[in-house]
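# Next comes the sequence, and after it the predicted model I'd like to discuss.
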Amino acid sequence: MDVDEAVQRYGSAKRAGGHEPRTRPDGLDDAAVTALGKLSEALEVVEHARGMLYGFHRLTGRADATLQRAVALLREAGLDSQADVVEECVVGRNVLPGMWTFQVVEAYDDCYWSVFREVVDRVREEAGDPERHRYEAEMKEREQQPR
């Protein structure tokens, strides 16, 4: 298959369509765009970590619900003393001292994630570029230029 056949079949990555190129604000040089891009990259890592934390929260909750079902099945099987141990020592247990997973998520959101986002947004704004992904937008423009 040659390039023309491939473009006919799949379309070209060089013809983005559907968007207007972002205009870089006056006075915003390459160094600032790179620095702000790195700041955005750090925020993306924090967003990913937050998603994983929510995954941890959901999986732990699912494990506890499954554990409760196991306790019921142990009782149905006549294993009451074993069910008592599981129910007393594990069901509803804190994952950190004094905290269930929802409290871990809330503490992360309140103490770290929300502050991180707000500081990043403010730094971008004060640097003269409130755009969240300028570095990537400019990369997209370069990579989608026709040959």
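It's in.
# Can you list the residue ranges for strands in the protein?
For the chain, applying DSSP state E gives no strands.
# Which residue lies nearest the spatial centre of it?
H48 (2.9 Å; Cα atoms, centre = their mean).
# Helices of the protein, start to end?
Assigned by DSSP state H, the helices in the chain fall at 3-10, 30-76, 80-89, 101-108, 114-126, 134-143.
# so can I have a markdown table of the ones you listed showing distance to V95 and mean pLDDT?
The way it works is simple: take the backbone N, C-alpha and C, and place the C-beta from them, glycine included. As requested, the helices of the chain are exported to a markdown table (distance: least, Cβ to Cβ, whole Å; pLDDT from 0 to 100):
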| stretch | distance to V95 | mean pLDDT |
| --- | --- | --- |
| helix 3-10 | 47 | 84 |
| helix 30-76 | 6 | 96 |
| helix 80-89 | 14 | 98 |
| helix 101-108 | 6 | 98 |
| helix 114-126 | 21 | 95 |
| helix 134-143 | 36 | 81 |
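# For the ones you listed, give me a markdown table that also has distance to R22.
Formatted as a markdown table, the helices of the chain follow (distance: least, Cβ to Cβ, whole Å):
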| stretch | distance to R22 |
| --- | --- |
| helix 3-10 | 26 |
| helix 30-76 | 11 |
| helix 80-89 | 56 |
| helix 101-108 | 32 |
| helix 114-126 | 13 |
| helix 134-143 | 5 |
